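# what would the 3D arrangement of this be:
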Amino acid sequence: MFVMSKILVPVDFSMRSEYAVKLAAKMGKKTNCTIYLLHMVELPTGVVDMGAGSNFSIPKSMMYLRKVKEKIIDLKERYFSEGCEVKYSIRFQQPYEGIRDYAKKIDANIIIMGSQGVSEFEEMIIGSNTEKVVRTSEIPVIVVKTDSDKFKLKDLVYASNFKEDNKESFKKFLAFAKLFKSKVHLLKINTVGKFESSSASKEKIRNFIKGLEIPKSTINVYNDTSIVKGITNFSREVNADLIALSTHGRSGLSNLFNGSITKSVSKSVLKPVITFKV
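Down below sits the predicted model:
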C-alpha cells in the first residue's frame, strides 16, 4: 500500500523549485502529510568544513544562512496554510547526495523537485541532479517542469511497454492513483520502429492488469513518430494532470526512450512526471 505521510521538496529558490513547492502544498492539503523543504549548500570540492583555514568568512556565511532561512520561511508562508505541517532543513552537501541521504533520514514517501533543464523534455528526464535522483531513488519522484495553478490529480496517464518486470512498480502507481481517486489512462505507444497491432497491444495491457484492482480506467494504444511525442500528444489530448513512468535504475529514463527523445516538444504541453523504480 502506498502511504503518503512525508513529502520531500528540494528547493534552490528557482522558479522551477517554486513550482515543486506549490505542487507539494496542493498534494499535502489533500493528504494531510508533512512537507519537508530542503535547501542544499554545495561546498566547493575539497572543503570539509567551514572552520579555520577554509576560504569561508564566518560572518558572511552566517548572513547567507540567515537569508536562506528567510527565503524558506517566505515559501512556507506563501504556499502553505496554517493547518499544514512544514519543516525545513539546510544541509552542506552535494545536491544529489544530500537529497538522497535526507530522504532516507526522514523516511520520505515521495520527492517532488523542479527540473533543472532548459526547455526540452530531454533535459527534464536525463539531465543533471534531477536525473540522478530519478535513477537511484527507491521512492517515487515527481519532476515538475511548468507552473500548475489549476493542478488536480483527476486524470493520470501510465505509459509503459507493459512487460512483467514493471508489475511491482505499477502496483505502487495504482496505490498512488487510488489515494487521489484518479482516473487512470493506460497507454502503450507504437512507433514505426517498434510496431505491433492495436489488438495485440491491448491484449498485452489486459494481461498485464489481470487480477489487479484497477480504478476507473481506459486502455489506449497510440501511434506516433517517437515514444516521447506519443506520450506528450496523448496526454495533451486527454488533458492529463500527471504522467507516470516506470524506470530502471541502470540508466534512468534515457533507457526507456532509447535515445528517441525529441527536442521539439513545446514547453506549454509538458506535464509533471512521476517515476516509480522497477
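# switch to C-alpha atoms for all contacts and neighbour counts from now on
Noted.
# walk me through the domains of this protein.
The record's domain parsing of the chain by automatic domain parsing lists 1-114, 146-278.
# can you pull the buried residues of stretch 82-100?
Cys84, Glu85, Val86, Tyr88, Ile90, Gln93, Pro95, Tyr96, Gly98, Ile99, Arg100 (16 or more other C-alpha atoms under 10 Å).
# how about the contacts made by the first one?
Applying C-alpha atoms under 8 Å, 6 or more residues apart in numbering, one finds that Cys84 lies in contact with Gly28, Lys29, Asn32, Cys33, Thr34, Ile35.
# list buried residues within those residues.
Buried members of those, counted by 16+ other C-alpha under 10 Å: Gly28, Lys29, Cys33, Thr34, Ile35.
# and the third one, its phi and psi?
So that's Cys33. phi -100, psi 170 (degrees, to the nearest 10).
# what's the closest non-adjacent residue to it?
Using C-alpha to C-alpha, 6 or more residues apart in numbering and skipping the chain neighbours, the partner closest in space to Cys33 is Ser5 (4.3 Å).
# save the contacts of Cys84 as CSV, and put in distance to Thr232, secondary structure and pLDDT too.
Formatted as CSV, the contacts of Cys84 follow (distance: C-alpha to C-alpha, whole Å; DSSP: H, G, I helix; E, B strand; the rest coil; pLDDT from 0 to 100):
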residue, distance to Thr232, secondary structure, pLDDT
Gly28, 26, helix, 84
Lys29, 28, helix, 82
Asn32, 31, coil, 81
Cys33, 30, coil, 87
Thr34, 31, strand, 93
Ile35, 29, strand, 95
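# of those, which is the nearest to Gly230?
Gly230 has its nearest neighbour among the contacts of Cys84 in Gly28, at 30.8 Å by C-alpha to C-alpha.
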